[in-house]
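# Requesting a structural model of the entry that follows:
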Amino acid sequence: MRENRLRSIWKSGTTAVNGWLAIANSFSAETMAHQGWDSLTVDMQHGVVDYQAMVTMLQAISTTDTVPMVRVPWLEPGLLMKALDAGAYGVICPMINTREDAQKLVAWTHYAPRGVRSFGPVRALLYGGADYPQHANDTIVTFAMIETAQALDNLDDILSVEGLDAVYVGPSDLSLSLGCTPTLDDVDPKAAEAIDHILARAKAHGVVAGIHNAGTDSALRRQAKGFQFVTVSSDARLIAAGAQQVMAKMRAAAAVAVKPASGGD
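Numbers count the residues shown, from 1 in each chain. Reported below is the predicted structural model:
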């Protein structure tokens, strides 16, 4: 079976750099994949991506060594299983708040006897290889999103669920749940303390900790703290930022060109 490079990266003690795909287009996904990301996550929760678009985006990512991942809309067995059957090598599930939630997540993403995932890896066989069924349980990566005060209260119970590979911090939702300003990078002190706590407890349980970031500065700071999976921006944000830079330079040059000459009669 094709290896999951995320597992190799984590085993080496380094950090995986993840990109985010919110645009429902296979060409933009392919373009992103060719830029050297360790992994790319198709966002089906807050992006504008439906299932059919997701499949074409996973196919586009597969033209590279970038690990294809999906954030599903919710903790729902059909959505999780279809994402894996389509060839996702990792799934990120939002709003995991209890041990029972985490147990369901693990069960629905693993074949028996470890779980109850239904068998039908229609595209996963093409991407992973003919021996996919024998090795999927040890290859696929399952992330539980920790993003509420309730999840913080149940954190050790969630982290102790066997088969959960990683947790993923959503700073905006976590901040909201704690009564703070929703943001990704410069979070309020209460949210920052909670994020550090999640990282520390994940390390204690031997679970990989990941986190969403808006920019590289925040991602690098969090990487230095010990996060082994950092998302940096998204395709939509990168398009907007690049376009803004172009237009700022063009408008500034145009303003200089039309500036009236000084002096006169």
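# can you give me the strands in the chain?
For the chain, applying DSSP state E gives strands covering 16-21, 39-43, 67-71, 90-93, 141-146, 166-169, 208-213, 229-232.
# got the buried residues for the third one?
Spelled out, it's strand 67-71. Neighbour counts using 16 or more other CB atoms under 10 Å place 67, 68, 69, 70, 71 of strand 67-71 among the buried residues. Heads up, the C-betas are built off the backbone N, CA and C, glycines and all.
# related to what we said a few turns ago, possible to save the strands of the chain as TSV with mean pLDDT?
As requested, the strands of the chain are exported to TSV (pLDDT from 0 to 100):
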stretch	mean pLDDT
strand 16-21	98
strand 39-43	98
strand 67-71	98
strand 90-93	98
strand 141-146	98
strand 166-169	98
strand 208-213	98
strand 229-232	98
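# Now do the helices in this protein.
Assignment of helices within the chain using DSSP state H yields the ranges 5-11, 26-33, 51-61, 77-85, 99-108, 124-128, 132-139, 149-153, 155-159, 171-177, 189-205, 216-225, 235-257.
# Buried residues of stretch 57-73, list them for me.
Applying a neighbour-count criterion of 16+ other CB under 10 Å, one finds 57-62, 64, 66-73 buried in stretch 57-73.
# That should have said stretch 159-168, apologies.
Residues of stretch 159-168 classed as buried: 159, 161, 164, 165, 166, 167, 168 (neighbour count, 16+ other CB under 10 Å).
# from memory residue 44 sits against residue 53, does it?
No. Under the contact definition of CB atoms under 8 Å, residue 44 does not touch residue 53, with a separation of 9.1 Å.
# Poorly predicted segments of the protein, please.
Low-confidence regions of the chain, defined here as pLDDT under 70, cover residues 260-265.
# rewinding a little: which one of the buried residues of stretch 57-73 is nearest residue 13?
Closest to residue 13 out of those is residue 67 (17.6 Å), distances taken as CB to CB.
# quick one, what contacts that closest one?
Residue 67 makes contact with 4, 5, 6, 16, 38, 39, 40, 89, 90, according to CB atoms under 8 Å, 6 or more residues apart in numbering.
# Could you check how far it is from residue 5?
The gap separating residue 67 from residue 5 is 5 Å, by CB to CB, to the nearest Å.
# got a list of contacts for stretch 116-125?
Residues external to stretch 116-125 that are found in contact with it (CB under 8 Å, 6+ apart): 55, 58-59, 77, 81, 84-87, 107-111, 128, 132-133, 136.
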